[in-house]
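J.: Coordinates for the following, if possible.
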Amino acid sequence: MENFVHDIPTKVYFGKGVLSQLDSALRQFGKNVLLTYGGGSIKRSGLYDEVMKILNEGGFKVIELNGIDPNPRISSVEKGVALCKENDIDVVLAIGGGSTIDCSKAICAGYYYESDDLWYMVKHARGGMKVLPLVDILTISATGSDFDDSAVISNPETNEKIGVVFAHPAVSILDPTYTFTVPAYQTAAGSADIMSHIMEGYFSRTEDSEVSDGLCETILKTVIRNLPIALKDPDDYAARANLMHAESVACSGIPEYGKLGSGWPCHAMEHELSAYYDITHGVGLAILTPHWMRYILKKDPSCMWRFVRFAKNVWGLEGDDERELALKGIDALEDFFKSNGIPSSLSELKIGTEHFEDMASHCCEGGRMGSGFVPLDKDDVVNIYKDCL
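T.: Numbers count the residues shown, from 1 in each chain. Below you'll find the predicted structure:
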């Protein structure tokens, strides 16, 4: 078991009615608020009106930045930073999912950044930066950005999508009822993202971090059990609450405590896909992950023990032939994604081979794919992309 450090400063309010904590959550930082959100879903659901009522009654000055894209762009970060500086913003309030929260984290960091080149900031930031405080209201169970210190920002002009460490939110408000109106496709894609966050760390060479492995398996089984319920009955509070709880813990780092790093290869490959094609992140992960699993199992059978454990402890499968059992576990994962309405191939998304070489080259820059659970090189990455067609 490896050493680890636990440092999560975010205060989380979880459950029905926790929006009542919003005034006090913001007031401790000041009265000038930048309100960030994406499209019109928070207005259609009524959440926007609820929030504005609290802000108006509390005497807050509110400046809005809307239109944040599902794969947040550096242009939105630049707009947000400019608004913060023009209006002496004290605190950023993000309403939405991971994209809005990620963009807001970058805005919070950009406010104090010494240069106007915010894309340079994204490419080179490594945490420890001075940031504006961030409060968020989560509306989709997916990325875990409400409970971690990372953000992923895209630059369409350079076909880059980069994950970077900024800072944890100061306060996260998590009411599962705000996810009732999330469409089925996005609910399923978000759940695939949750599972990927777990599997990226679970597939590690460490064999004796029992608490972490147990947490990973429990969270995976929680999603497997509750996603179909939420799709059948979107207002099922227990299902939505369990998915929301799972998403927060999944990307917090806690399920990886004591384990050797895995490099998160599927996220690295998917970031290239969505940088070039602007696809839904969770969908890309759901397509890539089973093919990555089959590829590395063939490339390095010494990792088979982990796939056998995955098949037994997550899917409840049994058998004496370890390779057959390992493959059945991978098949079960792929079938789960399919059964919940997620595409299973890149060709379904109209993606061809035209950018695979460039994507793989960028993915492997600096040797970052060479130190994972099973090391990969550029040719490996290209082959995995091709397997996904």
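J.: Pick out the residue nearest the middle of the protein.
T.: Most central in the chain under Cα atoms, centre = their mean is Thr143, positioned 2.5 Å from the mean C-alpha point.
J.: Not counting sequence-adjacent ones, nearest residue to that one?
T.: The shortest distance from Thr143 to any non-neighbouring residue, by Cβ to Cβ, 6 or more residues apart in numbering, is to Gly98 (2.7 Å). In short, each C-beta sits where N, CA and C put it, glycine included.
J.: contacting residues around that neighbour?
T.: The neighbours of Gly98, taking Cβ atoms under 8 Å, 6 or more residues apart in numbering as the test, are 140, 142-145, 152, 193, 281.
J.: Make a markdown table out of those and add pLDDT and distance to Arg205.
T.: Formatted as a markdown table, the contacts of Gly98 follow (pLDDT from 0 to 100; distance: Cβ to Cβ, whole Å):
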| residue | pLDDT | distance to Arg205 |
| --- | --- | --- |
| Ile140 | 97 | 33 |
| Ala142 | 96 | 28 |
| Thr143 | 94 | 26 |
| Gly144 | 95 | 24 |
| Ser145 | 96 | 28 |
| Val152 | 96 | 26 |
| Asp193 | 98 | 24 |
| His281 | 95 | 26 |
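J.: Farthest pair within the residues you listed?
T.: The distance between the two most remote of these (Cβ to Cβ) is 15.0 Å, for Ile140 and Val152.
J.: And the helices in the stretch 51-200 of the chain, which stretches?
T.: Secondary structure of the stretch 51-200 of the chain (DSSP state H, counting those that start in this stretch): helices at 74-86, 98-110, 118-124, 184-202.
J.: okay, the ones you listed, which one's buried deepest?
T.: helix 98-110 (a mean of 29; mean count of other Cβ atoms under 10 Å).
J.: What is the neighbour count of Val152?
T.: 24 (other Cβ atoms under 10 Å).
J.: so what's it closest to, chain neighbours aside?
T.: Per Cβ to Cβ, 6+ apart, closest to Val152 is Gly163, 4.7 Å.
J.: these two touch, right, that neighbour and Ser154?
T.: No - using Cβ atoms under 8 Å, Gly163 is not in contact with Ser154, being 10.6 Å away.
J.: quick one: which of the two has more around it?
T.: Ser154 (26 against 14).
J.: and the residue lying closest to Val131 once chain neighbours are set aside, what does it touch?
T.: What sits nearest to Val131 in space, not counting adjacent residues and going by Cβ to Cβ, 6+ apart, is Cys108, at 4.2 Å. For Cys108, the contact set (Cβ under 8 Å, 6+ apart) comprises 92, 131-134, 166-167.
J.: And Val165, what's its pLDDT?
T.: Model confidence at Val165, expressed as pLDDT, equals 93.
J.: can you count the residues close to it?
T.: Neighbour tally, Val165, other Cβ under 10 Å: 16.
J.: Compute the distance between the residue located most distally from the centre of the chain and Lys312, please.
T.: In the chain, Asp320 marks the outermost C-alpha relative to the chain mean, sitting 35.8 Å out by Cα atoms, centre = their mean. Applying Cβ to Cβ, to the nearest Å, the value for Asp320 to Lys312 is 12 Å.
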